[in-house]
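Asker: predicted model and sequence follow; I will ask about them next.
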Amino acid sequence: AQKITQTQPGMFVQEKEAVTLDCTYDTSDQSYGLFWYKQPSSGEMIFLIYQGSYDEQNATEGRYSLNFQKARKSANLVISASQLGDSAMYFCAMREGGGYSTLTFGKGTMLLVSP
Amino acid sequence: DGGITQSPKYLFRKEGQNVTLSCEQNLNHDAMYWYRQDPGQGLRLIYYSQIVNDFQKGDIAEGYSVSREKKESFPLTVTSAQKNPTAFYLCASRGQGVLNTEAFFGQGTRLTVV
């Protein structure tokens, strides 16, 4: 079974509108972390936002916020006021446990922002 | 500036040849990782290392080998046993082992078998 599921292969949004990218996860660990990365066409992975399993409040970083619903095992990324530069692939990832445990990635969502 | 450097950016390999991808970091991170990215597949873990002279297989290690002789360096060799090596390869590193520490990525190497 997939540990990270991103059901939207592609999303379109108009500039200045908000968009939600979906992510559901599967784990039996009590302690885990959820990450979102952005990958522009150049290929580098840019860290956007983090949510810990014990965090009671949703994480926010500028225009990015994470809608964390623990009981539903979802960690959706919300981008407010989309910009043309937001066009990229977006990956949800999870780290289970501590130490140097590895990241497991979803298959990604391609976001296109139109003028 | 601190960061992760992958080289080369583009690499072409003939079938049957081994090729080595370089990954160097100056972030003083203990852990380093290699991922493979194919279209529509997301990132899949090849190998990772938590300390010098030690490394573990990831989900798709067959046909690959690594070494970790120095903290700063974690080269990946794509051997002739790798049946479909054409892909985008990303190297990452991470600092102290707390859950919320993000991984930092290099710019990637695009490998093409010709």
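Answerer: Sure thing, it's come through. Numbering: from 1, shown residues only, chains lettered A, B, ... in the order given.

Asker: from now on I want contacts and neighbour counts done on CA atoms only, so please keep to that.
Answerer: Fine.

Asker: now do the contacts for residue 18.
Answerer: Answering for chain A, as no chain was given. A:78-82 (CA atoms under 8 Å, 6 or more residues apart in numbering or on different chains).

Asker: that's the other chain; I wanted chain B
Answerer: By CA under 8 Å, 6+ apart, residue B:18 lies in contact with B:77-80.

Asker: what about residue 111, which helix or strand?
Answerer: By default, I'm working from chain A. Taking DSSP states H and E as the definition, residue A:111 sits inside strand A:109-114.

Asker: let me rephrase: I mean chain B.
Answerer: For residue B:111, the host element (DSSP H and E) is strand B:109-113.

Asker: and that strand with chain A, contact?
Answerer: No. Strand B:109-113 stays clear of chain A (CA under 8 Å from any CA of the partner chain), getting no nearer than 9.1 Å.

Asker: ok, stretch B:47-67 next?
Answerer: Yes. Stretch B:47-67 reaches chain A (CA under 8 Å from any CA) through residue B:50.

Asker: of the contacts of residue B:18, which belong to strands?
Answerer: Judged by DSSP state E, those include B:77-78 as members of strands.

Asker: switch the contacts of residue B:18 over to CSV; also include pLDDT.
Answerer: Supplementary listing: the contacts of residue B:18 in CSV, determined by pLDDT from 0 to 100:
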residue, pLDDT
B:77, 97
B:78, 96
B:79, 94
B:80, 89
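
Asker: export the strand holding residue A:111 as PDB, just CAs?
Answerer: Output in PDB follows, covering the C-alpha atoms of strand A:109-114 (Å, rounded to 0.1, in the frame of the first residue of the first chain):
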ATOM      1  CA  THR A 109       0.900  17.200  -8.300                       C
ATOM      2  CA  MET A 110       1.700  19.500 -11.200                       C
ATOM      3  CA  LEU A 111       0.300  23.000 -10.600                       C
ATOM      4  CA  LEU A 112      -0.200  25.400 -13.400                       C
ATOM      5  CA  VAL A 113      -1.000  29.000 -12.600                       C
ATOM      6  CA  SER A 114      -2.500  31.000 -15.400                       C
END
